[in-house]
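*Asks:* how would this look folded up:
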Amino acid sequence: MMEQTGEEIDWERCPEDIEDFPDSIPTAFSIYNSLSDNIYPDVGFVGKDLTYLDKLYEHYYVETEQEKQWIFELIIFLDSHYISESQKQLKAEYDKIKRK
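*Replies:* As a prediction, this is how the structure comes out:
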């Protein structure tokens, strides 16, 4: 787009691309997305089901304990974010119903 406008490319403003990250990052997101969700109607999202985590490590050739620990920490971080978002959504829906 910048080439079309004739502007100089400002690499500082360009968003990161997946190739800019270490190989373990896309692997971690693939593993996270492969895990099933634990969702309950009255509680919402409560996190990923980690039952098959070891199998996914094998499937994605994650062998070192350091990389396994890193991926696990990322899963916990993402879970906490999505749990918080789920709670906010449920609260908003509850408040909406309560007002009627």
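
*Asks:* contacts for stretch 12-30?
*Replies:* By CB atoms under 8 Å, 6 or more residues apart in numbering, the list of residues contacting stretch 12-30 from outside reads 60, 62, 67, 70, 71, 74, 75. Using the backbone N, CA and C atoms, a C-beta is placed for each residue, glycine as well.

*Asks:* And residue 37, how close does it get to residue 50?
*Replies:* Per CB to CB, to the nearest Å, residue 37 is found 12 Å from residue 50.

*Asks:* same deal with residue 34?
*Replies:* Distance from residue 34 to residue 50, by CB to CB: 11 Å.

*Asks:* Same check on residue 64?
*Replies:* For residue 64, the distance to residue 50 - CB to CB - is 19 Å.

*Asks:* The two: which is more packed in?
*Replies:* Regarding residue 64 and residue 50, a neighbour count based on other CB atoms under 10 Å identifies residue 50 as having more, with 15 against 9.

*Asks:* Against residue 17, how distant is the more buried one?
*Replies:* 29 Å.

*Asks:* so residue 74 sits in a helix?
*Replies:* Yes: counting by DSSP: H, G, I helix; E, B strand; the rest coil, one finds residue 74 located in a helix.

*Asks:* Give the residue spans of the chain that score low on pLDDT.
*Replies:* Scanning the chain for pLDDT under 70 picks out the ranges 1-4.

*Asks:* Repeat the analysis, applying 90 as the threshold.
*Replies:* 1-26, 41-44, 93-94, 97-100 (pLDDT under 90).

*Asks:* Quick check, central residue of it?
*Replies:* Centroid-nearest residue in the chain, with CA atoms, centre = their mean: residue 78, separated by 4.7 Å.

*Asks:* State the helix or strand in which it lies.
*Replies:* Remark: residue 78 resides in helix 65-99, with elements defined by DSSP states H and E.

*Asks:* Show me which residues of that helix are buried.
*Replies:* 67, 70, 71, 74, 75, 78, 79, 82, 83, 86 (16 or more other CB atoms under 10 Å).

*Asks:* what residues are up against the third one?
*Replies:* Residue 71 makes contacts with 24, 27, 28, 31, 32, 57, 62, as judged by CB under 8 Å, 6+ apart.
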